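**Student:** just need the structure, nothing else, for what follows:
(chains A and B)
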Amino acid sequence: MSDLLAINNLTVSYGAGSSAVDRIGFGVDRGSVVALLGANGAGKSSIMKAVAGLIPAQGEVVFEGENIAAQPARARVARGIVYVPEGREIVGNLTVRENLVMGGYQKPAAERKRRMDMVLDLFPEIAEKVDRSAWRLSGGEQQMLAIGRGLVADPKLILLDEPSLGLAPLLVRRVFDRLRKIREESELAIVLVEQNLAVTMRLCDELHFLRGGRIVGHRTAEELKDETARQEAIDAFLGAAAA
Amino acid sequence: MTFWDTLLYDLFPLIWSGMITGCLYALGALGLVMIFKCSKVVNFSHGNVAGLTAFLVYGLSSGVLLSLSWGAAVVVSLLCAVAIAFLIYSIISPLVFESDLTSTIATLGFGLIAQGLTLVIFGADIVALDLPIPRFTVSVLGLLVTGYDLTVLAVAVVTIGTLFIVIDYTKLGIAFRAMSENPFAAEVCGLNLKSVHYFAWISAAILGVIGALLIVPTTFLSVTTVATFMLQAFAAAVIGGFASLPGSLVGGILVGILMNLFTFYVSPEYSSTFLLAVILVALNIFPNGILQKVGGSRV
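**Tutor:** A predicted model of the protein is given here:
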């Protein structure tokens, strides 16, 4: 039993058709990094949104021993579950500082300020542009802002949905270096949805392979250390869809 | 009459009084736009609810309901407006998150209820609401400025200024702007979407009452007075782009001035037609409002 998050029989359906996520279950320990791998439409983002309380779902979402499946998104943020969406979803016409304030909206002013300072230390690229409209930032800076906004909420679990999407390799490395730093310095747990397997492998402890809304395989990062094992797992669990 | 005489005696006074009326249209328009920006609902009950509240001031201060001082009557009526806005939003909030169109249509129903209540309580008579607005006239560079003009200007500047300060510099204002631009991001950050909607609806109700109370001295108060005034405010909001607070302010003043000029120089009978034409022209030239947003996105 995982000590932070345990998902049991999670099902997400859009309309009357087949389920986007079909009775899946996995757990996340404090300070661990769990990656969800799968082709487009495998249900990765739906799982993240369901855990964050942003879409309706059936099943159990047990966080720190309590089933929070019926709680709204804002209650989950207050508990320490923060979602960093695919495509960043920053608010372009707010300044960098205002976006960070949004991230810590539920925190008392002094704590929010402390967390914002911590985030700006972590991401000096955006610290220089703190009073600039967020839409003026580059793609990489926007991604840093999106992650930073999530960190201001002082999460125990952060759900990162494709943080490398649309970024140049150098920026991807920079973003993941910061994530590794956060991980080393805190008990923050991360659930990561990522297409970029190479960077995922450098950060995560375990991987779940998804296909058609189901978890079809599970490996630890240790088991996939060498390239051959990695390729075999991808071929076995994801098949041609992942190629 | 020379060209300068025409400017001094006709055009400038018309522009000035149009600007004063325009400030009131802007107050009404700001309320409509605030609600639309964050909840995507066009609140068609805005005028009738503001009208009902203006009648409440009359009823509470004239002895029809009570004999309060005008100040107490205004405060009680503002509280009633806040309560009504709270009630309306509470009832339609489940619809707001399902369908913008359904909730917009629901506001039409609330508008009719507010109008019906006004008729039931106060009847269909036209009444005079005598607020203690200073009655004096001064000449400023040849332009006659009344106490009413200055009162409207002062109230509008203070009200709109306060609103803009709240929106630009407070945490609630950040939440409002975030909700207006990206509700999903606001939800992701754990913002209480309903609280932000309540803020918009209640602020709009207060703006509506202030606008209604200040327009009444220039007309009289009837069941349709404020609703008609809100039609001009609606036009101001449309010209401003319906999603821009500064746009609705500029739109309100523009509508006030243009309506005044048209009424004086052409015909008061066709002023509504003229207003529609102005809206059509403005929308064709500036589809996103006269203050088209300078901004963009990077990917």
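**Student:** what are the boundaries of the strands in the stretch 151-299 of chain B?
**Tutor:** Per DSSP state E, counting those that start in this stretch, the stretch 151-299 of chain B carries no strands over any range.
**Student:** can you show me the helices along it?
**Tutor:** For the stretch 151-299 of chain B, the helices defined by DSSP state H, counting those that start in this stretch occupy B:171-181, B:183-188, B:193-215, B:225-239, B:245-265, B:271-285.
**Student:** checking the most centrally placed residue in chain A next. Helix, strand or coil?
**Tutor:** The centre of chain A sits closest to A:L160, judged by C-alpha atoms, centre = their mean, with a distance of 1.7 Å. With DSSP: H, G, I helix; E, B strand; the rest coil as the basis, A:L160 sits in strand.
**Student:** show me what it is bridged to.
**Tutor:** Beta-bridge pairing for A:L160 (DSSP bridges): A:V84, A:L192.
**Student:** pretty sure A:R115 is in contact with A:D154, am I right?
**Tutor:** Yes. Applying C-beta atoms under 8 Å, one finds A:R115 in contact with A:D154, separated by 5.7 Å. Every residue, glycine included, has its C-beta placed from N, CA and C.
**Student:** winner for burial among the helices of the stretch 151-299 of chain B?
**Tutor:** The highest mean neighbour count among the helices of the stretch 151-299 of chain B, using mean count of other C-beta atoms under 10 Å in any protein chain shown, belongs to helix B:225-239: a mean of 26.
**Student:** between the helices of the stretch 151-299 of chain B, which one is closest to B:P13.
**Tutor:** Nearest to B:P13 among the helices of the stretch 151-299 of chain B is helix B:245-265; the distance by C-beta to C-beta comes to 9.1 Å.
**Student:** distance from the chain centre to the closest one, please.
**Tutor:** From the chain centre to the centre of helix B:245-265 is a distance of 13 Å (C-alpha atoms, centre = their mean, to the nearest Å).
**Student:** and what of stretch A:5-12?
**Tutor:** 16 Å.
**Student:** now that stretch: buried residues?
**Tutor:** Buried residues in stretch A:5-12, counted by 16 or more other C-beta atoms under 10 Å in any protein chain shown: A:5-7, A:10-12.
**Student:** what sits in contact with each of A:R115 and A:D154?
**Tutor:** Residues touching both A:R115 and A:D154 (C-beta atoms under 8 Å, 6 or more residues apart in numbering or on different chains): A:104, A:107.
**Student:** follow-up on the earlier one: right, and the helices of the stretch 151-299 of chain B - which one's nearest B:L112?
**Tutor:** It's helix B:225-239; of the helices of the stretch 151-299 of chain B, that one is closest to B:L112 (C-beta to C-beta) at 10.6 Å.
**Student:** helices or strands up against that closest one?
**Tutor:** helix B:12-39, helix B:46-62, helix B:193-215, helix B:245-265, helix B:271-285 (3 or more C-beta pairs under 8 Å, 6 or more residues apart in numbering or on different chains; DSSP states H and E).
**Student:** if we can go back for a sec, Throw the helices of the stretch 151-299 of chain B into TSV and include mean pLDDT and distance to A:L137, thanks.
**Tutor:** Below are those laid out as TSV (pLDDT from 0 to 100; distance: least, C-beta to C-beta, whole Å):
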stretch	mean pLDDT	distance to A:L137
helix B:171-181	96	15
helix B:183-188	96	15
helix B:193-215	95	25
helix B:225-239	89	32
helix B:245-265	93	24
helix B:271-285	88	32
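**Student:** hang on, A:V77 is in a strand, isn't it?
**Tutor:** No. Membership of A:V77 in a strand is not supported by three-state DSSP, which gives helix.
**Student:** how about it: what's its closest non-neighbour residue?
**Tutor:** The shortest distance from A:V77 to any non-neighbouring residue, by C-beta to C-beta, 6 or more residues apart in numbering or on different chains, is to B:G190 (2.9 Å).
**Student:** who's in contact with the one you found?
**Tutor:** A:73-74, A:76-78, A:105-106, A:153.
**Student:** how close does A:A73 sit to B:G173?
**Tutor:** To B:G173, A:A73 is 21 Å away according to C-beta to C-beta, to the nearest Å.
**Student:** helices of chain A, residue ranges please.
**Tutor:** Here chain A has its helices, by DSSP state H, at A:44-52, A:73-79, A:96-103, A:109-122, A:124-127, A:139-152, A:169-185, A:197-203, A:227-237.
**Student:** lowest average pLDDT across those helices?
**Tutor:** When the helices of chain A are ranked by mean pLDDT, helix A:227-237 comes last with a mean of 75.
**Student:** for the buried residues of stretch A:5-12, which one is nearest A:A233?
**Tutor:** A:I7 (21.4 Å).
**Student:** could I get stretch B:165-176 in PDB with only the CA atoms?
**Tutor:** Extracted in PDB, the C-alpha atoms of stretch B:165-176 (Å, rounded to 0.1, in the frame of the first residue of the first chain):
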ATOM      1  CA  ILE B 165      -8.100  49.200  -8.100                       C
ATOM      2  CA  VAL B 166      -9.700  46.100  -6.700                       C
ATOM      3  CA  ILE B 167      -9.400  44.300 -10.100                       C
ATOM      4  CA  ASP B 168      -5.800  45.400 -10.700                       C
ATOM      5  CA  TYR B 169      -4.200  45.200  -7.300                       C
ATOM      6  CA  THR B 170      -6.000  42.700  -5.100                       C
ATOM      7  CA  LYS B 171      -5.900  38.900  -4.900                       C
ATOM      8  CA  LEU B 172      -9.600  38.800  -5.700                       C
ATOM      9  CA  GLY B 173      -8.900  41.000  -8.700                       C
ATOM     10  CA  ILE B 174      -6.200  38.600  -9.900                       C
ATOM     11  CA  ALA B 175      -8.700  35.700  -9.500                       C
ATOM     12  CA  PHE B 176     -11.300  37.700 -11.500                       C
END
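**Student:** distance of the residue nearest to the centre of chain A from B:F44?
**Tutor:** Here A:L160 is placed at a distance of 43 Å from B:F44 (C-beta to C-beta).
**Student:** next one: B:V188
**Tutor:** Distance, B:V188 to B:F44, using C-beta to C-beta: 31 Å.
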